[in-house]
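J.: with the input below, show me the fold.
(one chain, ligands or ions: 1)
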Amino acid sequence: MKFFIDTANLAQIKEANDLGILDGVTTNPSLMAKEGVKGNDAVMQHYKTICEMVDGDISAEVISTDFENIIAEGKKLAAIHKNIVVKVPMIKDGIKAIKWFSDNGIRTNCTLVFSAGQAILAAKAGATYMSPFIGRIDDSGWDGMELIHQIRQIYSIQGFKTEILAASIRNPNHIIKCAEAGADVCTCPLDSILGLLKHPLTDIGLAKFLEDAQKFA
Ligand code: G3P
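T.: Okay, the predicted model is just below:
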């Protein structure tokens, strides 16, 4: 399973990248706004900076919702760097655009996926990645992980090549469960990635080893 970080914060991207286990970055308009990135030029520059920091796929999201403008915007985003993946919302014109991008050699990430039906449409349109939002499904009282299992089963039976990119991750256990369910990629906040490191017995064991090491230092 590939690890992406789900942020537009450059310090967090650097921290995750320095671990040596990062395969890519996903962003969205809310994450860009959170970093105070304002204006088209600044947004384009921010994506470029991320691409120069991380050698992996970088999702950049369109904010247009009609076919012509999604295509125009996606082409501009794709021209920033060879690693840019154009993130397109799961709407009717989005599906049309994903098919167009796929036919024209531009890679896509179909975002805001909340059902197996939407996942099938994204795969049929030729999306490179498809992002089910696990945490938001859990937040609404449904089971996000159940959806990952269902999509994995459908994609495997049907031989769909679209990669399942589990998004809206809230904690380290989501990452473990996504790996178990056969997600191809998990995009996570830095805290959830670092949370995988933690176990009290590791801390207790290390403290004891270091204490005992003093006896022969
Ligand atoms: O990038 C899309 C997704 O990961 C958003 O997560 O936490 O806003 O539900 P969240």
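J.: the closest residue to residue 167 other than its chain neighbours: which element?
T.: Setting aside the residues directly before and after it, residue 167 is nearest to residue 131 in space (Cβ to Cβ, 6 or more residues apart in numbering), at 4.2 Å. For every residue, glycine as well, the C-beta is placed using N, CA and C. Assessed by DSSP states H and E, residue 131 sits inside strand 129-132.
J.: average pLDDT for that strand?
T.: Averaged over strand 129-132, pLDDT sits at 98.
J.: next: stretch 98-111.
T.: 98.
J.: quick one: buried residues of it?
T.: 98, 100-102, 106-111 (16 or more other Cβ atoms under 10 Å).
J.: check stretch 9-20 too.
T.: Going by neighbour count (16+ other Cβ under 10 Å), the buried part of stretch 9-20 is 12-13, 16-17.
J.: who's in contact with the residue nearest to residue 167?
T.: 26, 87, 109-113, 165-167, 187 (Cβ atoms under 8 Å, 6 or more residues apart in numbering).
J.: and what of residue 37?
T.: By Cβ under 8 Å, 6+ apart, residue 37 lies in contact with 8, 43, 46.
J.: could you list the contact residues of the chain toward the ligand?
T.: Taking Cβ under 6 Å from any ligand atom as the contact definition, the chain meets the ligand at 6, 26, 28, 133, 135-136, 167-168, 187.
J.: cutoff 8 Å now
T.: 6, 26-28, 30-31, 59, 111, 131, 133, 135-136, 139, 167-170, 187, 189 (Cβ under 8 Å from any ligand atom).
J.: and stretch 167-186, C-alpha only, in CSV?
T.: In CSV, the C-alpha atoms belonging to stretch 167-186 read as follows (Å, rounded to 0.1, in the frame of the first residue of the first chain):
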residue,chain,number,x,y,z
ALA,A,167,-9.0,9.3,1.9
SER,A,168,-10.5,11.3,4.9
ILE,A,169,-8.3,9.2,7.3
ARG,A,170,-8.8,10.1,10.9
ASN,A,171,-6.5,7.8,12.9
PRO,A,172,-3.7,5.1,12.7
ASN,A,173,-6.3,2.3,12.9
HIS,A,174,-7.9,3.6,9.7
ILE,A,175,-4.5,3.1,8.0
ILE,A,176,-4.2,-0.5,9.3
LYS,A,177,-7.7,-1.4,8.3
CYS,A,178,-7.2,0.1,4.8
ALA,A,179,-4.1,-2.1,4.4
GLU,A,180,-6.1,-5.1,5.5
ALA,A,181,-8.9,-4.3,3.1
GLY,A,182,-6.6,-4.1,0.1
ALA,A,183,-6.6,-0.3,-0.5
ASP,A,184,-3.9,0.6,-3.0
VAL,A,185,-3.1,3.9,-1.4
CYS,A,186,-3.9,5.6,1.9
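J.: for it, buried residues please.
T.: For stretch 167-186, burial by neighbour count (16+ other Cβ under 10 Å) applies to 167-172, 174-175, 177-178, 181, 183-186.
J.: bridged to the residue most central in space within the chain, which residues?
T.: By Cα atoms, centre = their mean, the chain has its centre lying nearest to residue 187, at 3.6 Å. Taking DSSP bridges as the rule, residue 187 bridges to residue 4.
J.: residue 50 and the ligand, how far apart?
T.: Computed as Cβ to the nearest ligand atom, to the nearest Å, the residue 50 to the ligand distance reads 14 Å.
J.: run through the residues that contact that residue.
T.: 8, 10, 13, 25, 27, 58.
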